[in-house]
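Peer 1: fold the following.
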Amino acid sequence: MGHIASGVKPALWLSLLHGFLFLIADSGTESPQDHSTMDVSSRHFRAEFLQEWQGSPDAPYFDPSTPRNITGLVGHPVRLLCRVKNLQNRTVSWVRHRDIHLLTVGRYTYTSDQRFEAQHKPRSEEWALRIRSPQRRDSGQYECQISTTPPIGHAVFLNIVEPETVISSGPELFIQAGSTINLTCTVRHTPEPPSSITWTHGEQVISNVINFDSARGGISLVTEKGLKSTSRLLVQRATGSDAGVYTCGPNNAPSAATRVHVLSGEHPAAMQQGCAKSTLDKTASILCCLLTIYVLRKPSFNDLQFGT
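Peer 2: Residues are numbered from 1 along each chain as shown. Okay, the predicted model is just below:
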């Protein structure tokens, strides 16, 4: 009892004593005015008590330097962390905001989802929530809470991403014969930069200029690796034989493909081939073929009919 008293400010004890004496003094009489006075005194007491308690230098608080935004990869363990100063006899819990689901209390896990795990080392200020094999649906806000009155929390936003590969030209690219095919492939959200990014044209691997088309030349392949890796393929003076499907395949992410159409004057033979072999949806294929028919037909002035 002496230890507790030594940790509380004298002003707090005076407030407690004041409230107790006030209750004793007015316990024998009741009147509307007495109730009003008691209500005002009670509100003043509670406000003073809570303000004194929350402003105490012994109150627990979160380390503000702890990261609030975490990005993780699908299938790779991720760890949410909060650091609590001066916890004393309080308890730290992790709550998922999406469904207000209590995940952990102290060092114990309170969810049936075995992917979640509470982590804490004795006498450490760190309280972590570990998620094994996270999925996209695990993205969202989580909160580390301290069991004060009222509870205080530290919000952490989790974003779970998965590796992706994108070709800047989109699913199809139309160019004129003699111009340059310019394809840029971007690989993002991989655990580490891909060790290799392979381009193929149909079934043929474009590993370098020599085995692709050494006779003609004019082909370059440049790859830059990092947090966001890119690979750029340039095919100069394109001909009809350069038409077809180009695929960018990193070794640690899904591949991406685009179909290149090389238009030769007013008779885009490669465009016809693209319509026949296109793997796009039906609507895009129909529009592609209608455009081909329109270009090949070349309607003249005599073909037009006018109403009378």
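
Peer 1: so who does residue 80 touch?
Peer 2: 70, 94, 128, 129, 130, 131, 142, 144, 156, 158 (CB atoms under 8 Å, 6 or more residues apart in numbering). For glycine as for every other residue, the C-beta is placed from the backbone atoms N, C-alpha and C.

Peer 1: switch the cut-off to 6 Å
Peer 2: 70, 129, 142, 156 (CB atoms under 6 Å, 6 or more residues apart in numbering).

Peer 1: how about residue 96?
Peer 2: 103, 142.

Peer 1: okay, and the beta partners of it?
Peer 2: residue 101, residue 142 (DSSP bridges).

Peer 1: hmm, back to that, need the max-distance pair from the contacts of residue 80.
Peer 2: Greatest spacing in the contacts of residue 80, by CB to CB: 70 and 129 (10.2 Å).

Peer 1: so for these two, which sits in the more crowded spot?
Peer 2: A count of neighbours by other CB atoms under 10 Å puts residue 129 above the other of residue 70 and residue 129, at 24 against 16.

Peer 1: show me which of the contacts of residue 80 is closest to residue 252.
Peer 2: residue 70 (21.3 Å).

Peer 1: got the phi and psi for that closest one?
Peer 2: Main-chain dihedrals, residue 70, degrees, to the nearest 10: phi -120, psi 130.

Peer 1: now residue 178, nearest residue through space, not along the chain?
Peer 2: Nearest non-adjacent residue to residue 178, counting by CB to CB, 6 or more residues apart in numbering: residue 237, 5.7 Å away.

Peer 1: count of neighbours near residue 158?
Peer 2: Residue 158: 19 neighbours (other CB under 10 Å).

Peer 1: host element of it?
Peer 2: Residue 158 belongs to strand 152-161 when assigned by DSSP states H and E.

Peer 1: elements contacting that strand?
Peer 2: strand 69-73, strand 140-146 (3 or more CB pairs under 6 Å, 6 or more residues apart in numbering; DSSP states H and E).

Peer 1: mind running it again at 7 Å?
Peer 2: strand 69-73, strand 78-85, strand 140-146 (3 or more CB pairs under 7 Å, 6 or more residues apart in numbering; DSSP states H and E).

Peer 1: hang on, the earlier thing: which of the contacts of residue 80 sits closest to residue 245?
Peer 2: Taking CB to CB as the measure, residue 245 lies nearest residue 70 of those, at 38.0 Å.

Peer 1: which one of the helices and strands packed on strand 152-161 lies closest to residue 117?
Peer 2: So among these, strand 78-85 is nearest, using CB to CB, at 9.5 Å.

Peer 1: ok, that closest one: who's next to it in the sheet?
Peer 2: Strand 78-85 has the following strand partners under DSSP bridges: strand 61-62 (antiparallel), strand 126-131 (antiparallel).

Peer 1: contacts for the shortest one, please.
Peer 2: Just to be clear, that refers to strand 61-62. Here strand 61-62 makes contact (CB atoms under 7 Å, 6 or more residues apart in numbering) with 82, 83, 84, 85, 86, 154.

Peer 1: pop the domain breakdown of the protein in here.
Peer 2: 8-54, 61-161, 164-297 (automatic domain parsing).
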